[in-house]
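> build the 3D model from these lines:
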Amino acid sequence: MSEIRTVVSTGTTYFMFYTSESEVVSQSDPVMSVSVGDNVTLRCSVLKDYNEPIVWYKQTPGQQPYIVAMMQKYVENPDFYNEFKSQKRFSTEKFKGEYHLRISNVTASDEGMYYCGWKKFEIDFAGGTYLTLKDTRHELYVSVLQRPASVSVHSGDTVMLMCSVLSERTSEDIRMFWFRSDSEKSVPQIIYTYNQSDQCEIDSATQNCTNNLYKDIVSQTDAGMYYCALITCGKILFGNGTKIHVEKSVESIVIILGVLLGVCVVVIITQAVSYHKKQRHYYNRENVQDTDKEHPSSQDCDAVHLHYAAPHFKEVKNRRMKGKEAPLDSVYSQLNDLRMVEYRITE
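Below is the predicted model:
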């Protein structure tokens, strides 16, 4: 998005104010030069299909912009404001996305900057058209051309901005200014001011004046729009502007990519260690269960042996002892025999 440029003169000091140029409305003529008594049409094109009102503003050097007229898509007659209500010289034209402002029988008071804007929550302006009056004593055609329109550079580079003054003849009454503006500041900065003696390289054949600005790009803060402005014969002319885009250096990109790669490596290693620990824990549990199945406990073994070690008493028939209690040594002998049988079964 480019900017609206307006230079305001206060004594010998000049200031520039701007608003962002709309992506919805456009003005094709940055400068229009007419004579007193002429009729002129200031063109405004709507680039997209919107139903919001289109407004026209006027700004003269040293004054704030003020509204001229408002037009709506589905309303036939426009609304005029301020002193333009009673001036029949001002009218509008509306057709197929075109919202033009017409001025009949131009007077000296009509000179100034005219802005076309798209009004929604706030007004989004186009680049503006400066209406200037020709010198009736000697008509002088002057225009300002800036090159390049945009350029991309890196920190540490030097960029050349060219401003050419196209004129029918040279004029001693010329002053040139370079302005810089960025998206964060509402008032641009004056970079350089030149006088006629030191500002131009004059082409002897065409009488054109060219001024080159060499700008050292230090950092991202040097990005923005750079404008060349010309003041001659009491007139203010503006260049179309050059947009400087400062690209990020390779070193910073490499550092950022290196940090991201390091973070990825740490995450991958952490996940791998965690997965390895889980696998080891799982295998250890499986091994313990298999070992328990292959090697039962000693209590279980004893239970198995005892199951097959049932005592078997051999009946001893002794007719002599029949009806009598067995002596103690006989009982002890039987117990010993029982233990021997148990031991053999166990083995």
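
> where does the protein have low pLDDT?
Residues of the chain that meet the criterion pLDDT under 70 lie in 1-23, 61-62, 135-141, 167-174, 182-208, 233-235, 249-253, 285-347.

> for stretch 42-60, list the C-alpha coordinates in CSV.
Below are the C-alpha coordinates for stretch 42-60, written out as CSV (Å, rounded to 0.1, in the frame of the first residue of the first chain):
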residue,chain,number,x,y,z
LEU,A,42,-11.0,14.2,-11.2
ARG,A,43,-11.3,10.4,-11.7
CYS,A,44,-11.9,7.8,-9.0
SER,A,45,-12.2,4.1,-9.7
VAL,A,46,-13.6,1.5,-7.3
LEU,A,47,-11.6,-1.7,-7.7
LYS,A,48,-14.0,-4.0,-5.9
ASP,A,49,-17.7,-4.3,-5.7
TYR,A,50,-18.7,-2.7,-2.4
ASN,A,51,-21.9,-0.8,-1.3
GLU,A,52,-20.2,1.5,1.1
PRO,A,53,-20.2,5.3,0.4
ILE,A,54,-17.5,7.0,-1.7
VAL,A,55,-16.3,10.4,-0.4
TRP,A,56,-14.3,13.2,-1.9
TYR,A,57,-12.0,15.4,0.3
LYS,A,58,-10.0,18.5,-0.5
GLN,A,59,-6.8,19.7,1.2
THR,A,60,-5.0,23.0,0.5
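
> name the residues of it that come out as buried.
Buried residues in stretch 42-60, defined by neighbour count with 16 or more other Cβ atoms under 10 Å: Leu42, Arg43, Cys44, Ser45, Val46, Pro53, Ile54, Val55, Trp56, Tyr57, Lys58, Gln59. C-beta: built from backbone N, CA, C; applies to glycine.

> need the max-distance pair from the residues you listed.
Checking the buried residues of stretch 42-60 against each other with Cβ to Cβ, the farthest-apart pair comes out as Val46 and Gln59, at 21.3 Å.

> let me see the contact set for Pro53.
With contact taken as Cβ atoms under 8 Å, 6 or more residues apart in numbering, Pro53 is in contact with Met70, Met71, Gln72, Lys119.

> can you report how many residues neighbour the nearest residue to Ala223 once chain neighbours are set aside?
Excluding the flanking residues, the one nearest Ala223 by Cβ to Cβ, 6 or more residues apart in numbering is Val246, at 4.4 Å. For Val246, the neighbour count with other Cβ atoms under 10 Å is 20.
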